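A.B. asks: Let me see the structure of the following:
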Amino acid sequence: MAILEVENLSVSFKRYTRGFKQVKSNVISSLSVEVEEGEIMAIVGASGSGKSLLAQAILGILPRNAIVSGGIKYGGEVLTPPRQRALCGREIALVPQSVNSLDPLMRVGEQVRTSVKSGNAAAAQKEVFERYHLDANVEKMYPFQLSGGMARRVLISTAMVSGARVIIADEPTPGLDERSVAEALKHLREFADSRCAVLLITHDIESALKIADRIAVFYAGTTVEISPVENFRGNGEELWHPFSKALWRALPQNGFVPIPGSQPHPDDLPSGCLFAPRCGMASAECGEALPDMRKLRNGSVRCIHAT
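C.D. replies: From the prediction side, this is the model:
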């Protein structure tokens, strides 16, 4: 059963150019993804593809000039702004990308304890710090006294003690040593195995493959493919979308084959398929309209040529 459902989400921003002319930038278009109980859904894609904006839309923390359409549901019910405010930090927890999210005026141990909703907060904080190899004296430190890796472990600790049913982990492993990366991934997997859900936003496909159940590939603000993790292997022959295949083959261990061209800017999106200008399979039909996501075997894809 899906805990979190995003259906045809579109996000644009109003801004002004020279001469106070108002323009609208479409940064997310017809994006759909869902996360089920007991599942880790990894979101991968290039910078600027809409991964972090998706997290902000779910949590209701987009900038005030954002225009949002489409639907987001939690537990089968629409996530209205009041419901987002009520659930954020309680049933839906965020591991943010920036370590600057920590309160600079509060000791980090106290920050973690405020996220504990039931039971002994001090004991929960002590246990999670031990789990992430944070010494006992760290709880009395302020954020500016932490290294980048320590601060990231504190952020992960805050989400882990919250008792949330959904964790959105936005690039949770940069700055961590190899052991801490393994620990963070392990505990995200344990969280999912307890019948909760994890939305893992990452550039690190290799780490995602170790713990994810499915992987959603984003391009230029939309979902182009959602596939089970086992499809990401070999030369990418079991992947369906041309961008997914190209992204997989661009990894150093898979040939390091570059993708010609670049991801389009939100102010200059092509008509039709957003990947068509870079795609060797593109036809005239690809330029007519953005393809719908359609089911294909054990996943879904946004490409008229995928079989």
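A.B. asks: going forward, measure contacts between C-alpha atoms and count neighbours the same way
C.D. replies: Will do.
A.B. asks: Identify the residues contacting the closest residue in space to Gly287 that isn't next to it in sequence.
C.D. replies: Leaving out its chain neighbours, the residue that sits closest to Gly287 by C-alpha to C-alpha, 6 or more residues apart in numbering is Gly272, at 4.1 Å. Gly272 sits next to Cys286, Gly287, Glu288, Ala289, Leu290, Pro291 when contact means C-alpha atoms under 8 Å, 6 or more residues apart in numbering.
A.B. asks: Arg294 now?
C.D. replies: Arg294 neighbours (C-alpha under 8 Å, 6+ apart): Ser300, Val301, Arg302.
A.B. asks: change it to 10 Å
C.D. replies: Arg294 is in contact with Val224, Glu225, Ser300, Val301, Arg302, Cys303, Ile304, Ala306, counting by C-alpha atoms under 10 Å, 6 or more residues apart in numbering.
A.B. asks: Next, work out how far apart it and Val257 are.
C.D. replies: 28 Å (C-alpha to C-alpha, to the nearest Å).
A.B. asks: just Arg153 next, same as before
C.D. replies: In terms of C-alpha to C-alpha, Arg153 sits 34 Å off from Val257.
A.B. asks: So for those two, which sits in the more crowded spot?
C.D. replies: Arg153 (27 against 13; other C-alpha atoms under 10 Å).
A.B. asks: from what I can see the more buried one touches Glu139, true?
C.D. replies: No - using C-alpha atoms under 10 Å, Arg153 is not in contact with Glu139, being 12.0 Å away.
A.B. asks: residues shared between the contacts of the two?
C.D. replies: Contact criterion C-alpha under 10 Å, 6+ apart; residues shared by Arg153 and Glu139: Phe129.
A.B. asks: before we move on, back to that, how about the contacts of Gly272 in a markdown table, adding pLDDT?
C.D. replies: Formatted as a markdown table, the contacts of Gly272 follow (pLDDT from 0 to 100):
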| residue | pLDDT |
| --- | --- |
| Cys286 | 97 |
| Gly287 | 95 |
| Glu288 | 95 |
| Ala289 | 95 |
| Leu290 | 95 |
| Pro291 | 96 |
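A.B. asks: Pull out the buried residues from those.
C.D. replies: Neighbour-count burial (16 or more other C-alpha atoms under 10 Å) is assigned, among the contacts of Gly272, to Cys286, Gly287, Leu290, Pro291.
A.B. asks: So the nearest residue to the third one once chain neighbours are set aside: helix, strand or coil?
C.D. replies: Okay, so that is Leu290. The shortest distance from Leu290 to any non-neighbouring residue, by C-alpha to C-alpha, 6+ apart, is to Gly272 (4.1 Å). What DSSP: H, G, I helix; E, B strand; the rest coil gives for Gly272 is coil.
A.B. asks: roughly how far apart are Gly45 and Thr222?
C.D. replies: 10 Å.
A.B. asks: shared neighbours of the two, anything?
C.D. replies: Lys51, Ala216.
A.B. asks: residue ranges of the helices in the protein, please?
C.D. replies: 51-59, 81-87, 108-113, 121-131, 148-160, 178-193, 205-211, 242-249 (DSSP state H).
A.B. asks: of all these, which lies closest to Val99?
C.D. replies: Val99 sits nearest to helix 148-160 of all the helices of the chain, at 6.0 Å, using C-alpha to C-alpha.
A.B. asks: buried stuff in that closest one?
C.D. replies: 148-160.
A.B. asks: Now tabulate these in CSV and tack on distance to Ala86.
C.D. replies: Shown next, in CSV, are these (distance: C-alpha to C-alpha, whole Å):
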residue, distance to Ala86
Gly148, 30
Gly149, 30
Met150, 29
Ala151, 26
Arg152, 25
Arg153, 25
Val154, 23
Leu155, 20
Ile156, 21
Ser157, 21
Thr158, 18
Ala159, 16
Met160, 18
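A.B. asks: State the number of residues packed around Phe129.
C.D. replies: As a measure of burial, Phe129 has 22 neighbours, counting by other C-alpha under 10 Å.
A.B. asks: Contact partners for it?
C.D. replies: By C-alpha under 10 Å, 6+ apart, the neighbours of Phe129 are Gly109, Val112, Ala123, Asp135, Ala136, Val138, Glu139, Arg153, Val154, Ile156, Ser157, Thr158.
A.B. asks: what's the spacing between it and Thr202?
C.D. replies: 23 Å.
A.B. asks: Can you give me the pLDDT of the closest residue to Val108 other than its chain neighbours?
C.D. replies: Ranked by C-alpha to C-alpha, 6+ apart and with sequence neighbours excluded, the top spatial neighbour of Val108 is Glu139, at 5.4 Å. We have a pLDDT of 97 for Glu139.
A.B. asks: count of neighbours near Glu139?
C.D. replies: As a measure of burial, Glu139 has 19 neighbours, counting by other C-alpha under 10 Å.
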